[in-house]
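>>> Would you be able to build a 3D model of this:
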Amino acid sequence: RPLIYHNMAPKGSKSQKSSFVLKAPEPVRDSVLVMSSFEKYLLERIKVDGKTGNLGESVVLTRTDDSITVTASIPFSKRSLKYYAKKYLKSQGLEDAVRVTASAKNEYLLSYYKTLANE
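Predicted structure coming up:
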């Protein structure tokens, strides 16, 4: 008797497009975070088929004033975006000031840590 896995996609089905948003309204407003630099970092670091800089048409980044949208037509992990965001913050020396939190199912928010001075 063959095993049937109900949660697996059928063999012939195509993967759906996944879209994730990285928002950073407060750090951008205070000129702590530069979105063009962040976008360039993501373009250079995101791996497709084990290679960096190999985005092609399978992963598309679009930038607005305070957010970056990543649209992928291949399987893409939301968790990997958090990893890249945290690595960028570390490279800029902002890991102690800005944190990455999930604000919705397909969205991350980069915001300041709450401190006594901010409250």
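>>> who's the residue nearest to residue 76 when sequence neighbours are not counted bridged to?
Excluding its sequence neighbours, the residue lying closest to residue 76 (C-beta to C-beta, 6 or more residues apart in numbering) is residue 18, at 5.4 Å. Just so you know, the C-beta spots here come from the backbone N, C-alpha and C atoms, and that holds for glycine as well. Legend: beta-bridge partners of residue 18 under DSSP bridges are residue 72.
>>> thought residue 18 was touching residue 106?
Yes: Residue 18 is within contact range of residue 106, at 7.4 Å (criterion: C-beta atoms under 8 Å).
>>> shared neighbours, the two?
The contact sets of residue 18 and residue 106 overlap at residue 78 (C-beta atoms under 8 Å, 6 or more residues apart in numbering).
>>> So which elements touch the host helix or strand of residue 36?
For residue 36, the host element (DSSP states H and E) is helix 35-45. On a contact count with 3 or more C-beta pairs under 8 Å, 6 or more residues apart in numbering; DSSP states H and E, helix 35-45 meets strand 59-63, strand 67-72, helix 78-92.
>>> Could you export the ones you listed as CSV, including mean pLDDT and mean neighbour count?
CSV is the format used below for the helices and strands packed on helix 35-45 (pLDDT from 0 to 100; neighbours: other C-beta atoms under 10 Å):
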stretch, mean pLDDT, mean neighbour count
strand 59-63, 90, 15
strand 67-72, 91, 19
helix 78-92, 92, 16
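>>> Poorly predicted segments of this protein, please.
1-15, 116-119 (pLDDT under 70).
>>> buried set for stretch 50-66?
Buried residues in stretch 50-66, counting neighbours by 16 or more other C-beta atoms under 10 Å, are found at 55, 59, 61, 66.
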